[in-house]
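[1] Would you be able to build a 3D model of this:
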Amino acid sequence: MNKWLYEFDAKNLIKKEDGSQEKVIKKFALLKPNRRLREDGELFYAAETSRFAKAGVLPKAAWGTILSNGGGSISEQEREQYGSLLLKFRDLSFELQTILIKGEGERTETEKKRSDELINDLDDIRREIQNFESSQISIFENTAEAKARNRTILWWVMNLSYEKDGDNYNPLFKGENLEEKLLQYDTFEEEETKYEFLLGVIRRITYLITLWFLGRADVSEDFEAFDKSFLKENRSETEDDKKEDPKVFEEIKVEETVSIIEEIKPE
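    Numbers count the residues shown, from 1 in each chain. Down below sits the predicted model:
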């Protein structure tokens, strides 16, 4: 079984003491998450949604009430379909959390199988919800769920990014938890000149993982196509020796109507 979602090479031009440049090829990969990591990702998303809601950010349910009272520009049928998706997502999420709250050794085989089914079902429903919201982005971009999504994408970037060292791949971000890994990213950003190449790679990885999270990249061929598109869009900046924006997690547009990441650094 393939351990990776996608593997790619990145070219780094290193200046030598005599002024010449040496081209070094570095290899990177996106880890294919196993069941346990996918469960951790679901729990992280649920916890972040709750945190933002408690902080006063309106959840989707509140916006649904606003829309049902005549706000927004969607039809009654669309409101009903959207409401049905939210209810289904909520119910399945609750069922999954009641299973995941148990330790892995405490779960029965039936519960383990059911958790896999629920994760797949939630992925499908999330895609449907996101497709709807992309057409109503001005309404839904500031919900608790949207902000939790952004943080969860960051969590996946920190946990799925690997760099090859010798014959083995090692995590690109070191640390026991998200905050420790973010501290390492802060170091990269603070020493921008030193880590310019790596920051460009992180931006590339973030773009690919965002597409994966949104359900638009599932197999290696999908990642390869989007990767080629990303490199093509950024080629002119590379050729002109322009610096890429190191703040790769502030806002990444997958399509014109979808703003992915806005506020992901911890407060």
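[2] so where's the stretch 101-250 of the chain uncertain?
    For the stretch 101-250 of the chain, applying pLDDT under 70 flags the ranges 134-140, 236-250.
[3] repeat that with 80
    Residue ranges of the stretch 101-250 of the chain with pLDDT under 80: 104, 130-142, 234-250.
[4] show me where it has helices.
    Counting by DSSP state H, counting those that start in this stretch, the stretch 101-250 of the chain has helices at residues 109-134, 137-140, 144-160, 178-190, 196-213, 220-239.
[5] Just name the most buried of those helices.
    The highest mean neighbour count among the helices of the stretch 101-250 of the chain, using mean count of other CB atoms under 10 Å, belongs to helix 144-160: a mean of 23. Yep, even glycine has a C-beta here, placed from its N, CA and C like the rest.
[6] Mind listing residues that contact it?
    With CB atoms under 8 Å, 6 or more residues apart in numbering as the test, helix 144-160 has contacts from 5, 30-31, 33, 37, 41, 44-45, 48-49, 51-53, 57-60, 133, 140, 171, 173, 178, 181-182, 185, 202, 205-206, 209-210, 212-213, 249, 260-264.
[7] Now render the helices of the stretch 101-250 of the chain as a markdown table, adding distance to residue 84.
    Output for the helices of the stretch 101-250 of the chain, formatted as a markdown table (distance: least, CB to CB, whole Å):
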| stretch | distance to residue 84 |
| --- | --- |
| helix 109-134 | 10 |
| helix 137-140 | 16 |
| helix 144-160 | 16 |
| helix 178-190 | 33 |
| helix 196-213 | 23 |
| helix 220-239 | 29 |
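[8] who wins for proximity to residue 102 among these?
    helix 109-134 (7.4 Å; CB to CB).
[9] could you say what helices and strands the closest one packs with?
    For helix 109-134, the packing partners by 3 or more CB pairs under 8 Å, 6 or more residues apart in numbering; DSSP states H and E come out as helix 35-54, helix 76-100.
[10] Tell me what angle that helix forms with helix 35-54.
    50 degrees (axes from the mean of the first three to the mean of the last three CA atoms, to 10 degrees).
[11] now helix 109-134, how far from the chain's geometric center?
    On the basis of CA atoms, centre = their mean, to the nearest Å, helix 109-134 sits 16 Å off its chain's mean C-alpha point.
[12] Quickly note the distance from residue 215 to residue 183.
    Computed as CB to CB, to the nearest Å, the residue 215 to residue 183 distance reads 31 Å.
[13] sorry, back to before: let me have the helices and strands packed on helix 109-134 in a markdown table, extended by distance to residue 127.
    What follows is the helices and strands packed on helix 109-134, written out as a markdown table (distance: least, CB to CB, whole Å):
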| stretch | distance to residue 127 |
| --- | --- |
| helix 35-54 | 14 |
| helix 76-100 | 10 |
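[14] Quick check: which of those is buried the most?
    Burial of these is given as mean neighbour count (mean count of other CB under 10 Å); helix 35-54 ranks first at a mean of 17.
[15] and that helix, average pLDDT?
    If you average the pLDDT over helix 35-54, you get 92.
[16] Check which helices and strands that helix sits against.
    In terms of contacts (3+ CB pairs under 8 Å, 6+ apart), helix 35-54 is packed against helix 76-100, helix 109-134, helix 144-160.
[17] Now for residue 15: which residues touch it?
    Residues in contact with residue 15 (CB under 8 Å, 6+ apart) are residue 21.
[18] what sits opposite it in the beta ladder?
    Beta bridges link residue 15 to residue 21, judged by DSSP bridges.
[19] Could you check how far it is from residue 24?
    11 Å.
[20] Find residues that contact each of the two.
    If you check residue 15 and residue 24 against CB under 8 Å, 6+ apart, no residue is contacted by both.
[21] Quick check, central residue of this protein?
    Centroid check for the chain by CA atoms, centre = their mean gives residue 153 as the closest residue, at 2.3 Å.
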